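In: Need a 3D model of the following:
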Amino acid sequence: MRADHPFLRYSEILFARQPFRALKGVASGYVAYPIAERQETRVVRPKVDELRTYYKLPLAERRRIASDRLATMLEFAGANVPYYRDLFATRQFDPTKVRRDPRYIEELPYLTKDIIREHAPRLVSQPLEHIRVHACKTGGSTGLATTIYYDQVAADYSSAVTTYARERIGKSRQRSELHFACRFPGDAIPNWPSREDFKCFAMNRSNIFFDRIDDTGLEEMWRTLKRRKPYLAHSHPSTMYALACYVQRVYGGGKAFEIFESSGELLEPHQREMIASALNCRVINRYGLAELGVMAYELDGYEGGFQILDSEGWPESRQAANNPDGAHELVFTGFRNKLMPLIRYATGDLARVEETDNGFCLTDVVGRIHDVVPINGVDHPTHHIQDILDHRVGGIQEFQIDLRTTPPTLRLVLEPWGNAEEISKKLQAFWQDAFAVAFVGHDDLVRVGRRAKFRHVVTS
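Out: Residues are numbered from 1 along each chain as shown. Now for the predicted structure:
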């Protein structure tokens, strides 16, 4: 049958109710998942156990292990990766010194996407055709898209990290999750069941495929969430924010899940507040990237800070180039991927690394380096523009600046009470004719890439 058959919709309603909900959770997490793991030749559950043990250790012991892993990866790269072998020789860099003092890594230059694209064949430790490879293409939000190759062990650790992090916030295997995904024109409705359906069952996961976030599309999302009642919903914050604004406006708020897990875009404070309030849920932020996987998570909730997963990589932050606010750029050295080690990789994402009682944490997360907009010949960061829109203009839910037009187009999604005429006058007073202003709905905001990410600035 087709995946949109009414029988499947009725079954969703059934399995959202007890005791069927609990039975499905047990069958998914403890019967189907081990079967799927064997079928896919994955080794994930032992790595989840390893992470549980690691994060129970005292911070000093974790720091020692992380330093050893950093040195081990550097030694491996210097011996097995042509690019690093030549780099270490040129710099007369001795990776064993990192075991005594991790700061010795600062003798190495930063790795960038441009370097990866130029030297890709020399950045792998063995021929790709000889092993099982997982190719992961970056989204291009912080530069041109780049392909990163994972070995099987690294891919399994990436899955284990997500599972472990969700456990820490209460999402065990028997509790269901739901993922928002973009539906693209021409995508055929698949038949059911399929291999993907079994994988979703094994992970106790379902998907919402959407191609519009106007009122019609948002109503469909809300009804699907209410019907399925997942424990955790995962999406880009801009999508969930649009849904929260709709539910608040139409229903005065509501509840369909316990936790919203945000990823893929910057979660801004006003989005967190609206989502938590309108949808009556906990909001958990995570930071991940195609190059390394999930690297930071609010493991102990928002109050516990945005904790960097020191089991997975060594974090740094550097002064970001060409940034008017003196923001810092995130830099990571990954511990897991020995097929394509990334050492001192400058991510292009802006945040500061700080040491706390919980370990390394992210602070001052402000967005992407390319989110800088020229206004009357002067570059301004998008958070400066947002401050003016929020605190001086008002009445605006969301904004986007399209630099492909002359002058740039400022798209604005108004609050239900927002007055377009008054807002236009205020914008004129602040920026004169720097922008062509367009009042739009959430559905009219431009989204980029296969994952349909929202960006405050559209450049191509």
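In: When you work out contacts or count neighbours from here on, use the C-alpha atoms and nothing else.
Out: Will do.
In: Skipping adjacent residues, who's closest to Ala32 in space?
Out: The shortest distance from Ala32 to any non-neighbouring residue, by C-alpha to C-alpha, 6 or more residues apart in numbering, is to Ala202 (4.7 Å).
In: Please apply the same query to Lys113.
Out: Thr146 (6.6 Å).
In: just the strands in the stretch 351-460 of the chain please.
Out: Here the stretch 351-460 of the chain has its strands, by DSSP state E, counting those that start in this stretch, at 359-368, 372-375, 378-381, 396-402, 409-414, 436-439, 447-448, 453-454, 457-458.
In: Which one of the ones you listed lies nearest to Arg52?
Out: Nearest of these to Arg52, taken as C-alpha to C-alpha: strand 359-368 at 15.8 Å.
In: elements contacting that closest one?
Out: Other elements packing on strand 359-368 under the criterion 3 or more C-alpha pairs under 8 Å, 6 or more residues apart in numbering; DSSP states H and E are strand 306-308, strand 345-356.
In: picking that back up, who are the neighbours in contact with the residue nearest to Ala32?
Out: Each residue near Ala202 by C-alpha atoms under 8 Å, 6 or more residues apart in numbering is listed here: Ser28, Gly29, Val31, Ala32, Tyr33, Ala36.
In: Give the helix, strand or coil label for Leu339.
Out: coil (DSSP: H, G, I helix; E, B strand; the rest coil).
In: For burial, what's the neighbour tally of it?
Out: 24 (other C-alpha atoms under 10 Å).
In: The residue nearest to Lys113 reaches Glu118, doesn't it?
Out: No. Counting by C-alpha atoms under 8 Å, Glu118 is not a contact partner of Thr146; they are 10.3 Å apart.
In: which one of those two has more residues nearby?
Out: Comparing Thr146 with Glu118 by other C-alpha under 10 Å, the one with more neighbours is Thr146, at 17 against 10.
In: ok, that one to Ala120 distance?
Out: Using C-alpha to C-alpha, to the nearest Å, Thr146 is found at 9 Å from Ala120.
In: and Ser235, what are its bridge partners?
Out: Beta-bridge pairing for Ser235 (DSSP bridges): Ser262.
In: and it, what does it touch?
Out: Here Ser235 is in contact with His179, Phe180, Ala181, Phe260, Glu261, Ser262, Ser263, Gly264 (criterion: C-alpha under 8 Å, 6+ apart).
In: Same question for Gly253.
Out: Ala244, Val247, Ser277, Ala278, Leu279, Asn280.
In: give me that answer again for 7 Å
Out: Val247, Ala278, Leu279 (C-alpha atoms under 7 Å, 6 or more residues apart in numbering).
In: right, and Ala77 touches Leu87 too?
Out: No. With contact defined as C-alpha atoms under 7 Å, Ala77 does not count as touching Leu87 (10.3 Å).
In: When these two are compared, which one has more neighbours?
Out: The neighbour count for Ala77 versus Leu87, taken as other C-alpha under 10 Å, is higher for Ala77 (25 against 15).
In: For the more buried one, which non-adjacent residue is spatially closest?
Out: In space, Ala77 is closest to Tyr84, 5.9 Å off (C-alpha to C-alpha, 6+ apart).
In: Give me the contacts around the host helix or strand of that neighbour.
Out: With secondary structure defined by DSSP states H and E, Tyr84 is part of helix 82-91. For helix 82-91, the external contacting residues (C-alpha under 7 Å, 6+ apart) are Ala77, Gly78, Ala79, Arg122, Leu123.
In: Make a PyMOL selection of whichever of the residues you listed turn out to be buried.
Out: To isolate the buried ones among those in PyMOL, judged by 16 or more other C-alpha atoms under 10 Å, type:
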select buried, resi 77+78+122+123
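In: Could you pull up the contacting residues of Gly293?
Out: Ser158.
In: For it, give its distance to Glu265.
Out: Shown here: Gly293 relative to Glu265, a distance of 14 Å by C-alpha to C-alpha.
In: do Gly78 as well
Out: From Gly78 over to Glu265 (counting by C-alpha to C-alpha), the distance is 34 Å.
In: Who are the packing partners of the longest helix seen in the chain?
Out: With secondary structure taken from DSSP state H, the chain has its longest helix at helix 59-80. Helices and strands touching helix 59-80, by 3 or more C-alpha pairs under 7 Å, 6 or more residues apart in numbering; DSSP states H and E, are helix 82-91.
In: next structured bit after the helix it packs on?
Out: helix 113-119.
In: Run a quick neighbour tally on Thr405.
Out: Neighbours around Thr405, by other C-alpha under 10 Å: 13.
In: oh sorry, the question was meant for Leu51
Out: Count around Leu51 with other C-alpha under 10 Å applied: 20.
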